[in-house]
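>>> Structure of the sequence below:
(chains A and B)
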Amino acid sequence: MKLTGAQILIQTLIEQGVTDVFGYPGGQVINIYDALYEYKDKINHVLTAHEQGAAHAADGYSRATGKVGVCIATSGPGATNLVTGIATAMLDSIPMVAITGNVPCSLIGKDSFQEIDITGVTLPITKHNYFVNKIEDLADTLREAFSIAKSGRPGPVLVDIPKDVQVAQYEYEPQPVVEKIPLPKVKESLIDEAVKLISEAKKPYIYVGGGAAGLGMGADIVAFAEKIDAAIGCSFMGLSAVPQDNERFLGMQGMHGHYASSMSQNEADLILAVGVRFSDRATGNVAKFAKKSRIIQLDPDSAEVNKNVRVDLGLVGDVEDSFKRIAQKCEEQNHPEWLVRVEELKKEEKQFEEEIAAASTASLTPKQVFEIINDLKKPDTVIATDVGQHQMWTAQYVEFDGPRRFVSSGGLGTMGFGLGAAMGAYVATKDPVVLITGDGSFGMNLNELATAVTYKIPVVIVLMNNGVLGMVRQWQTLFFGKRYSNTVLTRKTDFVKLAESFGAEGYLAETPVEFKRAFEKAIESGKPVVIDTRIDKDEFVLPMLPPGGAISDIITKVK
Amino acid sequence: MENKNFVIAVYVDNKSGVLTRVTAMFTRRGFNIDALTVGETEHSEYSRITISMRGDDYVKEQLINQLKKLYVVKKVEVLEDEPIKRELMLIKVRNQSENRSDIMTAVDVFRASVIDYSTEGMCIEVTGNPSKIDAFVKLMQPFGILEMCRTGIVALDRGTVTLLDK
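Next comes the predicted model:
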């Protein structure tokens, strides 16, 4: 059957299993939007307030489900507004397909109205990208885009489609959903080598990353940790991969990680790293990172092995398969001394956490906020965050309801990510969604509140309002002699009224009792709600490894 | 780790924008290229990029792995064991009567050839190993180099095994 390029695009999206897309119309995508109108029974389009919100929504959609998120924007500014969202997905290996329109081929390269070389712009922030200048290539290019986005180490792919290709007609034949390209299986000799290293270990530590979270390997990891008597820690991106109530699980390690997790990693004699990339925020000074440990790294991406940290053994290929084979071949082990040491570290952690809590004189502390959220949140709640102190507190305190229930920008650290991503997660799952944000981050993309209201997305927004850019302020306090340059927000925004003016609900909470009441009401309201949650501007995220520091530099209290 | 010179051969799709993807990766990862050449191959769908650079084993390993990640790259190989390397240079030197015979002797010894000649200057073509070209440039310096242009190296492994076979 002969269809226009725009129709082929939408048909191919439907064919590839896409049910929801996020986007914003414009001059060079009118044809695509016309086709969306035609297929509106088969594909749901969410109109965001800004293209950046659409990109973050597609990202959140993917994080909450593992499906490929799709966003659409017009040429020029529409396309460049996607950039931060695409980069966010790239740094966290999130599968996404971004579709942009462009000026007709005859106007390409002439600095035409709203023309931008978006494949050039997004070259370093996409896994791959395409400029489709022939209608006959369109459907297959899109299929390839989906295949690349979800295969191996996932990532964003951009497909730029000039207007004349959208208009041109060509034969369209439906094809099945493209499968993930299988990763190579690791050689048996390498598996044996891993088993040997593990069997020689006395203090094993399984280090879980975003790769493992994406594959839903939590149960396998716990079972294996029990078999070899290992501790489990995770990177920021690995949070929610492993059930947190397991006593072996020590939480996130790294710059703001749990003390016991970072310390155990430092003391371990074997680290089995599963789908992590040893980011600088996770390792601190690499020259001093885990010096007593042998490291085995399982990753689909060969370029991640030995990139940031030299490892003793890199197993590149199908991570799940390698892990299972290692787990099967390993003998049972017992390391009571190691576990006693880990328990000691946990006690130390608890002790200074209590000291911090006791030192606070604020009427509402972050810890209290998170305790209430943990108590009251409904099962299967997706927790999304923005970036800053609130994000690290979320990582430290929240009890996540399982894999894909934590949606947060790790690698790029994108302030303004949260609201769009939370909406995407809701559209994908229809599960309860709570956004933890700060007044700084929320200010960046709060326009998406309009979208949440329009589409009746009942996102509960816990806005931890301290009137400052807290994370930068924390650095200024610790490392810049309290010179608070441009981090004090002397704004007059009334967030309750702001929420109401958007058609959402707004509550103010200044004490634990008020917050509890507000949160209870919010999760039952079925509407988007902003809870203006007032916290002190000098709350700190602790512990903290200073940037570029070693574990011995860990800061556990601020004088 | 010790810095070494090495040559990498890359088969890439013969399409527009491919060279950008390869060189952009070098920029993004902070690798420096000494020389780079691109040309057609025995297969019309592929081009061959030959990259000559310096670095330690870490750089070499990272570079190969990062190149392999690009979807336009079909094959990457470090050419070990002294591959056959050739470079071509065109060099324009001042032609002064007192130097003429010295220049012509050098041309003769280096098996170069004069391809343009006037009473003021001459243009010489030299082909060979990059070190030979370097030596020729050094030799011409006292006579006055007006302009020069080097292609960067092309390289092939010795023997009958091809890159795509490997």
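
>>> Pop the domain breakdown of chain B in here.
B:4-78, B:84-154 (automatic domain parsing).

>>> Which of those domains sits closest to chain A?
With CB to the nearest CB, the closest approach to chain A among these belongs to domain B:4-78: 3.7 Å. C-betas here are computed from N, CA, C, even on glycine.

>>> quick one on the thing from earlier: could the domains of chain B go into JSON lines alongside distance to residue A:207 and mean neighbour count?
Compiled in JSON lines, the domains of chain B are given as follows (distance: least, CB to CB, whole Å; neighbours: other CB atoms under 10 Å in any protein chain shown):
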{"stretch": "domain B:4-78", "distance to residue A:207": "21", "mean neighbour count": "17"}
{"stretch": "domain B:84-154", "distance to residue A:207": "43", "mean neighbour count": "15"}
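
>>> pretty sure residue A:558 contacts residue A:478?
Yes - between residue A:558 and residue A:478 there is a contact under CB atoms under 8 Å: 7.0 Å.

>>> Any stretches of the chain with poor pLDDT?
In the absence of a named chain, this looks at chain A. Low-confidence segments of chain A (pLDDT under 70): A:559.

>>> I was after chain B.
Across chain B (using pLDDT under 70), the flagged ranges come out as B:1.

>>> again, only this time at 50
Applying pLDDT under 50 to chain B picks out no residues at all.

>>> And the helices in it, which stretches?
B:18-29, B:57-69, B:97-109, B:130-140 (DSSP state H).

>>> The stretch 301-450 of chain A now?
Applying DSSP state H, counting those that start in this stretch to the stretch 301-450 of chain A gives helices spanning A:319-329, A:336-359, A:366-376, A:389-397, A:418-429, A:439-445, A:449-454.

>>> nearest to residue A:27, of these?
Closest to residue A:27 of the helices of the stretch 301-450 of chain A, according to CB to CB: helix A:449-454, at 21.5 Å.

>>> Could you list the residues in contact with that closest one?
With contact meaning CB atoms under 8 Å, 6 or more residues apart in numbering or on different chains, helix A:449-454 is reached by A:46-49, A:53, A:419, A:423, A:457, A:459, A:461, A:498-499, A:502-504, A:527-528, A:530.

>>> one step back: next, format the domains of chain B as TSV and append distance to chain A.
Below are the domains of chain B laid out as TSV (distance: least, CB to the nearest CB, whole Å):
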stretch	distance to chain A
domain B:4-78	4
domain B:84-154	23
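
>>> so can I have CSV of those domains showing distance to residue A:212?
Shown next, in CSV, are the domains of chain B (distance: least, CB to CB, whole Å):
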stretch, distance to residue A:212
domain B:4-78, 20
domain B:84-154, 44
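
>>> I'd say residue A:549 and residue A:284 touch.
Yes - applying CB under 8 Å as the test, residue A:549 and residue A:284 come out as touching, 5.2 Å apart.

>>> who has more neighbours, the two?
residue A:284 (24 against 15; other CB atoms under 10 Å in any protein chain shown).

>>> what sits against the more buried one?
Counting by CB under 8 Å, 6+ apart, residue A:284 has contacts A:254, A:255, A:545, A:546, A:547, A:548, A:549, A:550, A:551, A:553.

>>> Pull the contacting residues for the second one.
Listed by CB under 8 Å, 6+ apart, the contact set of residue A:255 reads A:281, A:282, A:284, A:544, A:545, A:547.

>>> in chain B, which spans are strands?
B:4-13, B:35-40, B:46-55, B:73-78, B:84-94, B:113-117, B:121-128, B:145-150, B:154-156 (DSSP state E).

>>> Check the stretch 151-300 of chain A too.
With DSSP state E, counting those that start in this stretch as the criterion, the stretch 151-300 of chain A has strands at A:156-162, A:169-171, A:204-208, A:231-234, A:249-252, A:270-274, A:294-299.

>>> Buried residues in the second one, which are they?
When you say that, I think you mean strand A:169-171. residue A:170 (16 or more other CB atoms under 10 Å in any protein chain shown).
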